[in-house]
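Engineer: sequence and predicted model, in that order:
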Amino acid sequence: MTSSTRPLLPKFVGERIKRREDPRLIQGLGTYVDDLKPAGLLHVAFKRSDIAHGEIRRLDTAAAEAMPGVERVVAGPELAEIVGSIPVATAYPAPEHFPLAVHRVRHVGEPVALVVASDRYSARDAADAIVIEYDELPAVVDAETAEQNDTLVHEGFANNIAVRAALGTGVDPETQQPVDDSAIESAFASADVVVSQRMVNQRLAPTPIEPRGVVAHYEPGREYLTIWSSTQNPHLLRTRIAQALDLGEHQVRAVAPEVGGGFGCKISTYGEEHAVAAVSKLLGQPVKWIEDRSEAFVATSHGRDMIGTVDIAATRGGDITALRLRLVADMGAYEMLISALLPTFTAALVGGVYNIPIVRSEITQVFTNKTPTDAYRGAGRPESQYFLERAVDMLARELEMDPAELRRRNFFQPDEFPVTTVAGGGLITYDSGDYERTLEVALKTAGWNELIAERDAARAEGRLVGVGLSYYVEVCGAGPSFLIPMGGWEHASVTVERGGKITATTGSSPHGQGHETTFSQMLADHFGVPMEDIAIVHGDTAIVKQGIGTWGSRSQAVGGTVLMLAAEKVSEKMRRFAAAMMAPEEVAPDGLVFAGGEIVTNDSPAIARGFAEVADFAHVPVPLPVGLSPGLSEEAFWEPEGVTYPFGCHISMIEIDRETGEPRLLKMVAVDDCGNVINPLIVDGQIHGGLAQGIGQAMFEELVYDDQGQPVSASFLEYVMPRATDLPRFELERTVTPTPLNPMGAKGVGEAGTIGSTPCVVNAAVDALAPLGVRHVDMPLKPERLWRLIGNGGGA
Amino acid sequence: MIPNEFEYRRAASVEEAIAFLSEGAGEATLLAGGHSLIPLMKLRLSEPGILVDISRIPELRGIERQGDTITIGAATTHAELARSALLLAEAPIVAEAAAEIGDAQVRNRGTIGGSLAHSDPAADLPAVMVALDAQFTLAGPQGLRTVAAEDFFLEVLTVDLADGEILTAVDFQAARSAAYAKLVQRASRFALVGVAVSLSIEGARCASARVAVTGASSHAQRLRAVEAALVGATLPAAAAEATETAGDELDFVNVDLHGSAEYRRAMVAVFARRAVEAAAARA
């Protein structure tokens, strides 16, 4: 069957293709956890602590148990017997963390008991009827003085210290402790210029639009548990729930249906997931819990909350000679899955894109009576680049040097890659970079000189206008396994079905990233078929055999690579079936190509077999070609040799109302380099969302606690989310520096916008206030704070 | 986010609503747009036993003019105020204040009567109504009565509304030289400070002025010292001087993480001046 007029499909990779997921999500046709209503479903409500710290003196559940519809009330000790403590994935010692508090509560929002009832309303009414009396303890609230606090959050952790570690110059990488201070001390002692600043990287709430939720269904007859959860990594959930309930992984199916955002707060498995699964097993019935927004603000992990004191040393000519970061990280009351690693990420990247010969970070992680902190979009990188890029900006001001020129002088040069950094203590090797090129594109895109002129003209009118620039490097594409406690690989399978449609699975379970679009673009090109002939299946461990998940901007670099490895295995086999079908012509399978829905020779005239025809033959191969087995389904595991390091340069302009202190962002330019791009539209979308969140931290968001450990901004009435009307039109450009670490040369982009924009906007705000003598302002850019810096009231 | 159990009754007329309220005897609460009440119920901060829905009573909706008097039905939504050609021409202060309330969803559901009767200390419309010297019509078991806006707002979330009474309409005189200036609380979009100003200007001088503030105090109230300073002043030249100490006459100033008392006092002066300037520019 030859064809002379083969329809050529357009190439999909590299095109701005709209997300395949969106029509169903926008029309409300997606299925989220709360949409699941298995027969016999019971509902859980949690009774949570309303104090920050206290011993539980009395817990009376009698009234709750007597209420209509209530099936069961469970308190901490009973549940702890069943599921034990929730483990962390890090090597540092961690305190016990029970799904329901046992004897003592350590933060507002900590679950103390749960009610299972016939409906959500009865469950909530009964939870309200549980009586708890506490012997209140003083709350440890301030992270910087937690070490000296007489109150201990955990008895086993003296001085409230979770981890004390160091990285970089003069540090023993094995023990992570400083052994030699001479180099760093002499570098600062002999420096022409030293700039020092304490900076607060404030606590944030991740606030995905869909809060957490769980449905668990244990079937006693099959001894089989299915758990649906709004999670970023169902396979990890399966492992941990199986362990908690003393089941094998063959007895547990975990499903992430549509997930309405995660931003890192849905990486960990939470006590509520353990508790709901345990209760379903206890009762042998399906059980649901849906987090409400009030709970999400206090019970879902928070992000950031690090205080950094940075010292930066340089020559008068602008060569940065040393950098020191002293970091206090507020862990909150417990450690989540990878909390203890995040300050290490911050330290490891604090040298940024600069060739600084001496870099030292000293980390103190402390426990406080607040909600635990964990990954939040960027997870350690935004903090590091904020501390660094603020310090570099302050140095430029001190040296009276153009901030772009200071950065340019200190960049690692393109021919130096791969670069093993001092800040990373030998653990960090940047894969590729051309930092100056991206800087130049950013300056050109923003019109740097014109912006400065515009700023100066505004200043001459008495307006407070500032221009800010920041650079960043971050880390994506996590693997190999020695770096990642959960495993640094990914899994995929590709099946060409009868009829020639394709089902692929990915272990990288998305929660808004557009995997179905991106991955089907890649497969469509690979097999020469339309995108709509391809289904990308994810999130269900019964279908997706293995996986790690979606976090750390790893899906394209790791999940995309392994998908193509599986695809290559299938296409290789398919070529051999096609060659057999072309007999008696003697065709070498390796010479066959996939194009336009056919498998064809490169000869002229070409010999072709339809893609669907070959797929059908592979499933009923008569006769079976020698050396082939039936079927077209292959899978692959793969882990990269190392992580990727995207980078970029952001520029912004801001105006501050002199009378009110209100900031208004006038311009935001982002030039990001994430290596090769599969779908520019999706990449732009990731940058847009990231910028909004990064600007959110710079200008608006802050979780505030009072001195009793009560959260005072734990609702959308008080917690300031950025809105579309707060943001200027984003101006995006891209440079492309591929990574050598995967065949696609893609680095990752999910968090980049959040990392670059925050210091950029604060740099702009400080520039606006610089004529008034202001050197630094802590985030967020609250109007009253700026108003005081402008010289009103009693000062800041 | 899960309210307590409650009964729901939809009233077809004001009479029926009053009857439902009377039957409910203290248990019943009016539901109009619901954008203050329902969040409070979901947080279980408010636990009414009966909700009497007055949002679909035709006689409570609409914006009308008779002579120089403008009447707004209590169940008229903020969105309807914001886009009303009549208000934009004859009392633009009302439309502009309504346009700055919350977000589009809130404006599409929230009502003027609900906002006034709820009397959130940071709500926008109470200050506007005080500045316009609006008269509120209240219907109750004993019939109708009228209260001046200035006397209606009593305390935090407390107004002159007896059990069984419903705010049915507000009236005020057309007021073109009136303006509202607001510093937004950035999370809720309520007023951190809002100042409403209504002027009459003869020649270049201010003949009379009513100035009201919200956000800084327990409830919307007049700034009489500013009013006195404005009368006879040449505007906008004297606006700054007349409003310089506007915040000083507030005896109670709200404090939260968005603004200290000192900041709010200072902002009262800033936004009083801006409102005076905007109102004068409309003269």
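Structural biologist: Perfect, I can see it now. Source: prediction; values computed, not measured.
Engineer: where does the closest residue to A:T61 other than its chain neighbours fall, phi/psi-wise?
Structural biologist: The shortest distance from A:T61 to any residue other than its chain neighbours is 4.3 Å, reached at A:V73 (Cβ to Cβ, 6 or more residues apart in numbering or on different chains). All C-beta spots, glycine's among them, are computed from the backbone N, C-alpha and C. Backbone torsions for A:V73, taken as degrees, to the nearest 10, come to phi -120, psi 130.
Engineer: and for A:V73, the neighbour number?
Structural biologist: Applying other Cβ atoms under 10 Å in any protein chain shown, we find 25 other residues in the vicinity of A:V73.
Engineer: also B:E100?
Structural biologist: 18.
Engineer: can you give me every residue that contacts the closest residue to chain B within chain A?
Structural biologist: Ranking the residues of chain A by distance to chain B (Cβ to the nearest Cβ) places A:D292 first, at 3.4 Å. By Cβ atoms under 8 Å, 6 or more residues apart in numbering or on different chains, the contact list for A:D292 reads A:P211, B:M1, B:I2.
Engineer: flag every residue of the stretch 51-200 of chain B that's near chain A.
Structural biologist: The stretch 51-200 of chain B comes close to chain A at residues B:D103, B:L183, B:R186, B:A187, B:S188, as judged by Cβ under 8 Å from any Cβ of the partner chain.
Engineer: was I right about the third one contacting A:E701?
Structural biologist: No: with the criterion set as Cβ atoms under 8 Å, B:R186 and A:E701 do not qualify as a contacting pair; they are 10.0 Å apart.
Engineer: of these two, which one has the most company?
Structural biologist: Under the criterion of other Cβ under 10 Å, the comparison of B:R186 against A:E701 puts A:E701 first, with 24 against 21.
Engineer: which residues does the closest residue in space to that one that isn't next to it in sequence bridge with?
Structural biologist: The shortest distance from A:E701 to any non-neighbouring residue, by Cβ to Cβ, 6+ apart, is to A:L204 (5.1 Å). Legend: beta-bridge partners of A:L204 under DSSP bridges are A:G303.
Engineer: what's the burial count for A:V310?
Structural biologist: The burial count assigned to A:V310 is 24, neighbours taken as other Cβ under 10 Å.
Engineer: residues contacting it?
Structural biologist: A:S196, A:Q197, A:M199, A:L323, A:R324, A:L325, A:F387, A:L388, A:R390, A:A391 are the contacts of A:V310 under Cβ under 8 Å, 6+ apart.
Engineer: what about 7 Å?
Structural biologist: Applying Cβ atoms under 7 Å, 6 or more residues apart in numbering or on different chains, one finds that A:V310 lies in contact with A:S196, A:Q197, A:M199, A:L325, A:F387, A:A391.
Engineer: in a strand, it, correct?
Structural biologist: Yes: in this structure, A:V310 lies within a strand as judged by DSSP: H, G, I helix; E, B strand; the rest coil.
Engineer: what's the neighbour count on the nearest residue to it once chain neighbours are set aside?
Structural biologist: Across the structure, with Cβ to Cβ, 6+ apart as the measure, the residue nearest A:V310 apart from its sequence neighbours is A:A391 (4.3 Å). Other residues within reach of A:A391, judged by other Cβ under 10 Å, total 27.
Engineer: roughly how far out does the helix or strand where A:A391 lies sit from the chain middle?
Structural biologist: With elements taken from DSSP states H and E, the one containing A:A391 is helix A:381-399. When distances are taken as Cα atoms, centre = their mean, to the nearest Å, helix A:381-399 is centred 23 Å away from the chain's centroid.
Engineer: only alpha carbons, please: show it as CSV.
Structural biologist: Output of helix A:381-399 as CSV, limited to C-alpha atoms (Å, rounded to 0.1, in the frame of the first residue of the first chain):
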residue,chain,number,x,y,z
ARG,A,381,15.6,28.8,45.9
PRO,A,382,13.5,32.0,46.2
GLU,A,383,14.9,32.6,49.6
SER,A,384,18.5,32.2,48.5
GLN,A,385,18.2,34.3,45.4
TYR,A,386,16.4,37.0,47.5
PHE,A,387,19.1,37.2,50.1
LEU,A,388,21.8,37.2,47.4
GLU,A,389,20.2,39.6,45.0
ARG,A,390,19.2,42.1,47.6
ALA,A,391,22.8,42.0,48.9
VAL,A,392,24.3,42.4,45.4
ASP,A,393,22.0,45.4,44.8
MET,A,394,23.0,47.0,48.1
LEU,A,395,26.6,46.4,47.1
ALA,A,396,26.1,48.1,43.8
ARG,A,397,24.6,51.1,45.6
GLU,A,398,27.5,51.2,48.0
LEU,A,399,30.0,51.1,45.2
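Engineer: what comes up buried for it?
Structural biologist: Applying a neighbour-count criterion of 16 or more other Cβ atoms under 10 Å in any protein chain shown, the buried positions in helix A:381-399 are A:381-397, A:399.
Engineer: one more: stretch A:450-459?
Structural biologist: The neighbour-count check on stretch A:450-459 (16+ other Cβ under 10 Å) flags A:L451, A:E454, A:R455, A:A458 as buried.
Engineer: make a markdown table out of those and add secondary structure and distance to chain B.
Structural biologist: Formatted as a markdown table, the buried residues of stretch A:450-459 follow (DSSP: H, G, I helix; E, B strand; the rest coil; distance: Cβ to the nearest Cβ, whole Å):
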| residue | secondary structure | distance to chain B |
| --- | --- | --- |
| A:L451 | helix | 26 |
| A:E454 | helix | 25 |
| A:R455 | helix | 24 |
| A:A458 | helix | 20 |
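Engineer: out of those, which is nearest to B:Q135?
Structural biologist: Each of the buried residues of stretch A:450-459 was scored against B:Q135 by Cβ to Cβ, and A:A458 proved nearest at 46.5 Å.
Engineer: that closest one and A:A52, how far apart?
Structural biologist: From A:A458 over to A:A52 the distance is 46 Å, taken as Cβ to Cβ, to the nearest Å.
Engineer: go on, B:S177?
Structural biologist: Note on B:S177: its distance to A:A52, by Cβ to Cβ, is 52 Å.
Engineer: quote the end-to-end distance of stretch A:619-627.
Structural biologist: Across stretch A:619-627, the terminal residues are separated by 15 Å (Cα to Cα, to the nearest Å).
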